[in-house]
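**Q** sequence plus predicted model, see below.
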Amino acid sequence: MIIQAKGIEKNFGQLKVLRGVDFSADKAEVVAIMGASGAGKSTLLQILGTLLTPDAGTLEIDGVNPLALGSRELSAFRNRKIGFVFQAHHLLPEFSALENVMIPAFIGGASDRDARRRAESLLGDMGLSERMTHRPSELSGGEQQRVAIARALMNEPAILLADEPSGNLDSVTKTEIHKLFFTLRERYGQTVVIVTHDESLARMCDRTLFIKDGQFEAKM
């Protein structure tokens with residue numbers, strides 16, 4: 001298992017958001033997590049991504065216990081092992097597509113030459129070779145999301161976590177982005193965990209888990 005979480009609990013004040021959740025995923029597996037708003041989907045994804053610390057439970061990612069790492073070690077681990085794609089692209093508006101994609105490599109200490117080569121290759125894989133110098137405001141919503149996906153893949157992470165990655169896109173672009181996740185899985189071998197309300201995307205995944213009131217109900 002590349003992800004192994006057991007007994008995960010998370011409370012926000014008196015609100016119990018996660019109630020002893022168990023979750024695991026194999027290498028190169030694509031797993032969808034579905035559920036109503038407020039069921040705990042995004043909270044679980046943030047814990048798997050080490051952005052939130054659980055109140056109880058254990059977590060292992062690619063053989064490492066991230067809950068035992070100090071803040072600096074954890075940041076480096078996250079940058080190296082986990083890529084994030086959100087509904088909002090979170091691209092920096094003053095930078096080009098190429099520069100946005102290069103940022104995680106710079107954080108990881110890569111040279112400008114190596115970062116540029118990797119970013120150009122990824123943007124080419126995304127079909128954006130002709131758009132590398134464009135700023136986010138000059139790109140369509142689908143193109144911005146492709147840039148965000150390329151950025152998430154920059155450091156060759158073991159895991160790609162996506163939170164409603166196609167929620168703001170039109171139906172045609174949404175379908176293209178959905179297919180892209182599976183193309184990337186075949187090409188790069190990442191484990192992909194996707195929080196989504198989109199049933200068509202969930203049907204494409206290897207497994208779909210449904211969460212309700214902070215616990216998984218059943219597999220679909």
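**A** Good, I have the coordinates. What you are looking at is a predicted structure, and each value in this text was computed from that prediction instead of being measured. Numbering: from 1, shown residues only.

**Q** show me where the protein has strands.
**A** Listed in chain order, the strands found in the chain under DSSP state E are 3-12, 15-25, 30-34, 56-61, 82-86, 159-163, 191-195, 207-212, 215-219.

**Q** elements contacting the fourth one?
**A** It stands for strand 56-61. Contact analysis of strand 56-61 by 3 or more C-beta pairs under 8 Å, 6 or more residues apart in numbering; DSSP states H and E lists strand 3-12, strand 15-25, helix 41-48 as its packing neighbours. (C-beta placed from N, C-alpha, C; glycine too.)

**Q** point out the most buried one among the strands of the chain.
**A** Ranked by mean neighbour count, the strands of the chain are led by strand 191-195 with a mean of 25 (mean count of other C-beta atoms under 10 Å).

**Q** list the residues that contact residue 25.
**A** Neighbour list for residue 25: 1, 2, 3, 31, 159, 191, 193 [criterion: C-beta atoms under 8 Å, 6 or more residues apart in numbering].

**Q** not counting sequence-adjacent ones, nearest residue to residue 149?
**A** Of all residues not flanking residue 149 in the chain, residue 85 sits nearest, at 5.5 Å (C-beta to C-beta, 6 or more residues apart in numbering).

**Q** please name the bridge partners of the one you found.
**A** Residue 85 has these beta-bridge partners by DSSP bridges: residue 162.

**Q** now the helices and strands packed on strand 56-61 as a markdown table including distance to residue 216 and mean pLDDT?
**A** Below are those laid out as a markdown table (distance: least, C-beta to C-beta, whole Å; pLDDT from 0 to 100):
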| stretch | distance to residue 216 | mean pLDDT |
| --- | --- | --- |
| strand 3-12 | 11 | 96 |
| strand 15-25 | 6 | 95 |
| helix 41-48 | 9 | 95 |
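
**Q** adding distance to residue 150 as columns, could you present these in a markdown table?
**A** Formatted as a markdown table, those follow (distance: least, C-beta to C-beta, whole Å):
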| stretch | distance to residue 150 |
| --- | --- |
| strand 3-12 | 22 |
| strand 15-25 | 22 |
| helix 41-48 | 20 |
